[in-house]
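J.: All I have is the shape, not the residue letters:
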């Protein structure tokens, strides 16, 4: 709760700061420090704390705290890399900060909700700032297009989500998660059409937010059109929040009637992984490629929802470890993309030719993060996929495991397209050697790389916290 | 006898169909049976009896939109004050403080709007 | 002790980052020789404790407790032979690269050491998870070595190689996960837990397939060999030596350690088919080798033929043939690296690998000719060379299994003699051509590479007991597992 209040005040503060031409660097520093402070407080105070429920509206249990910390940490790291994004925008810089912070407020509500009304509010508070952020390059047609697309589709999803919540209310008579859960425990064989349609609507709305097939069509266009910084924000922080909410809603609340929805998740996961990775092979734009790859990763994360029969801490550990490893690897890779875009106004894969020769540090960061995203040991991405695969085989979904493995190989193929451009191709011009990175950037990026490797070697640091 | 079966709502459903059927039938019938005499005056858009001037699809200043949306925004916020006013005594000091916080945020927004000159016409 | 042996190359590869320019080569060589000395020391301790306890040769530290993964290493006679092979070849490979200049040498040598760690890890690990990690860790550096430095088509070719091998190993991963989930509660990846599993023959057959695809691609056994000739031809000399000399032993060793003791029933279910495939591969590769014009491609195909024989012996799995497998792994590593070193020397002087455009080198470079001849004879398994010992044991074992197949596989010696001697004749003897006119003889540096190889060829040829005694006990227990 303190997190929500202090971040809201921070958001208002940075909005007002814009009026008085406060130095943007100072606002950025204050924001990062506040976010880190809130992170520390949330982890320190709410972890294993019984006094974390707020009027049955929010419940900061360990699960919510872990996801909140992941969201806040990723946001702080991303804000450190935000320099390039904001150097392109001449006005309203601090307003964009406040939009990001407001969006984060919504995400915290999303992962800590204990009432479907809070879920709805959280999703809306997160999404509305995002619609603006996606269109923040006002003069860029692609940015405008993606903003409008995202807004229209998002608005429809909101309607569907609300309809789903209403139908669930109609069936169970409550918005409260624990009431709904106990209703399902008593009526485990309930399969009334109202419930089924309600579940389906909620599934569709959540799948849209995490861009799982067949509700993924907005993702490539929006990811490509948005400014790179916002793409990074959407594919990491927003994804964490989306999965946090998805998992909390289905794994915890709807667990008693898992027979009804596991088949749907099975099919969605298989479709998502396959569509994402096969389409990614044909992309020549790195942001589009990462959009499809993020769809494919969403598929792997969906698999974790199938672990309803496993021990709870294992399932939590698996999804949380995947989210963390995906997030830090993506942030590291996006930091490289942002650095390259400082000197090149293109996001095609060809723009990355010869990067390793021109700038070995960026080359190594890209190589490690790509290896992690592709799931090669000894990086975090490998163990993330390993935990998912293990649980898939354990739950008896061997076919799904085979589909996942086949797509992991396709994944290696398209990720290596980027790696080959970076390492083995000759640069077409000299512009890449002009990239000058600040010391802060170097330190944070190297820490990320070390983080990827350390998590890959000692996964229990994250996996066993629950 | 008070039951809550869906069957009990059947009369409403029947009435709904009757109403819809009546509207559809009369509209289709008048369309088919009635005489048609189209003229320029008949097809023009109706403007309180005054002769219409120019085209309705004129571009006009974006400021109208901004003002309109801000009006709607602050107008809607006022709606929250009605239930609060009704329950003022029950909510007591707690409700009062809550409403003060709410108004503060609202006013900060208003302040921001004015400072950003969103309401200036020139 | 063995942890130090395993981690020293990793430290060396990080250490190399601090050096720039030509000095890197010297530091790299020094590190490789220290590692060799370490492994010789392990060897001597191993021999002196042969009859007593072997506890010094296993390590077991809990690593990932949530999965029950242990950092478990164990060195037995067979893995010691492969460790010795690896650590013997790496300094020679580094020395043989002295005449090349690499852009950013610390990257190149760092990758070589990273790969060495992976290889040693594969040969030592006693925990399936650890084994898988090292399996992949060995692959990534060699991909970079081959793709960063090499021929024109190297990028596509090495990507094919990489995807192909990863494909195999991911199927192995599913097999490992399956076995892991079969272990009793608080699952474990350890070798001994896997060995205690009692699975039905059908299940073992399926798990066998998942492991076998990974190992067969790595060896490679016909028909999984398609990546190999292209990759050998397109990568640079050092990459080819690492791939052919050491990397393909990972597959054979994988069968020895992870299939035979753990899935004996699955092994026996499929062994006939694999043997037939291996023998087909021998003849097929030998015939193709005869037609090759490119010397490097020729050696690549001959390597498929030799490995085919090893694979056939491996799947016959009687005591003689397994002993042959172990010794022939060592021989093949030494011989094929010797061949590639010679080819590299010739190519760097004449700028060509076309057999037809070479000739008469012996008259200009007699030392090279003599050393090349010995390596070549080792390859065609002439008595008194190491190849003879290995192939004799293998064919002998195969004969005990099926005499017709053995006769068929024996063709490899005859066909091998045909293409090898013909190559020697065309390259070394005959008329000098325009490309070989200015051929100079070996430099001291190159002598330092070739003489140890030749020495090993002759020593094993005369006195193979040094190595066969190391592995005899392990081979016995392997055969026992199949009973």
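T.: Cool, the structure landed. Small disclaimer: the values here were computed from a predicted structure and weren't measured.

J.: Count the residues that sit near residue 67.
T.: Since you didn't name a chain, this refers to chain A. 27 (other C-beta atoms under 10 Å in any protein chain shown). (C-beta placed from N, C-alpha, C; glycine too.)

J.: that's the wrong chain, I meant chain C
T.: By the criterion of other C-beta under 10 Å, residue C:67 has 20 neighbours.

J.: Tell me where the model's unsure across the stretch 201-350 of chain C.
T.: Nowhere does the stretch 201-350 of chain C drop to pLDDT under 70.

J.: where exactly do the helices run in it?
T.: For the stretch 201-350 of chain C, helices defined by DSSP state H, counting those that start in this stretch occupy the ranges C:201-218, C:227-234, C:237-241, C:248-254, C:264-291, C:295-316, C:319-350.

J.: Quick one: closest of those helices to residue A:377.
T.: Shortest distance between residue A:377 and the helices of the stretch 201-350 of chain C, using C-beta to C-beta, is found for helix C:201-218: 14.1 Å.

J.: Can you tell me the SS state at residue 95?
T.: In the absence of a named chain, chain A is used. helix (DSSP: H, G, I helix; E, B strand; the rest coil).

J.: where does the residue nearest to it when sequence neighbours are not counted land in three-state SS?
T.: Leaving out its chain neighbours, the residue that sits closest to residue A:95 by C-beta to C-beta, 6 or more residues apart in numbering or on different chains is residue A:18, at 5.1 Å. Here residue A:18 is recorded as helix under three-state DSSP.

J.: List the residues that contact residue A:18.
T.: Neighbouring residues of residue A:18 by C-beta atoms under 8 Å, 6 or more residues apart in numbering or on different chains: A:92-95, A:98.

J.: Could you rerun that using 7 Å?
T.: Going by C-beta atoms under 7 Å, 6 or more residues apart in numbering or on different chains, residue A:18 touches A:92, A:94-95.

J.: quick one: residue A:343 from residue A:357, how far?
T.: Residue A:343 sits 15 Å away from residue A:357, going by C-beta to C-beta, to the nearest Å.

J.: And residue C:350, by the same measure?
T.: With the distance defined as C-beta to C-beta, residue C:350 ends up 30 Å from residue A:357.

J.: Can you tell me the SS state at residue C:63?
T.: Secondary structure, three-state DSSP: residue C:63 is strand.

J.: Next, count neighbours for it.
T.: Neighbour count for residue C:63, taken as other C-beta under 10 Å: 19.

J.: how about the nearest residue to residue A:19, chain neighbours excluded?
T.: Ranked by C-beta to C-beta, 6+ apart and with sequence neighbours excluded, the top spatial neighbour of residue A:19 is residue B:115, at 4.6 Å.

J.: Does that neighbour touch residue A:17 like I think?
T.: No - here residue B:115 does not reach residue A:17: they are 11.7 Å apart, not a contact under C-beta atoms under 7 Å.

J.: Neighbour count: these two, which is higher?
T.: For residue B:115 versus residue A:17, neighbours defined as other C-beta under 10 Å are more numerous around residue A:17 (21 against 12).

J.: if I pick that one, what's in contact with it?
T.: By C-beta under 7 Å, 6+ apart, residue A:17 lies in contact with A:27, A:94.

J.: swap the cut-off to 10 Å and go again
T.: Residues in contact with residue A:17 (C-beta atoms under 10 Å, 6 or more residues apart in numbering or on different chains) are A:23-24, A:26-27, A:30-31, A:93-95, A:97-98.

J.: any idea which of these is closest to chain C?
T.: Closest approach to chain C among those (C-beta to the nearest C-beta): residue A:31, at 35.3 Å.

J.: Surely the residue nearest to residue A:19 touches residue A:95?
T.: No - using C-beta atoms under 10 Å, residue B:115 is not in contact with residue A:95, being 11.9 Å away.

J.: Overlap of the contact sets of these two?
T.: Among the neighbours of residue B:115, those also in contact with residue A:95 (C-beta under 10 Å, 6+ apart) are A:16, A:18-19.

J.: and of those, the nearest to residue C:307?
T.: Taking C-beta to C-beta as the measure, residue C:307 lies nearest residue A:18 of these, at 69.4 Å.

J.: Good, we can wrap up now.
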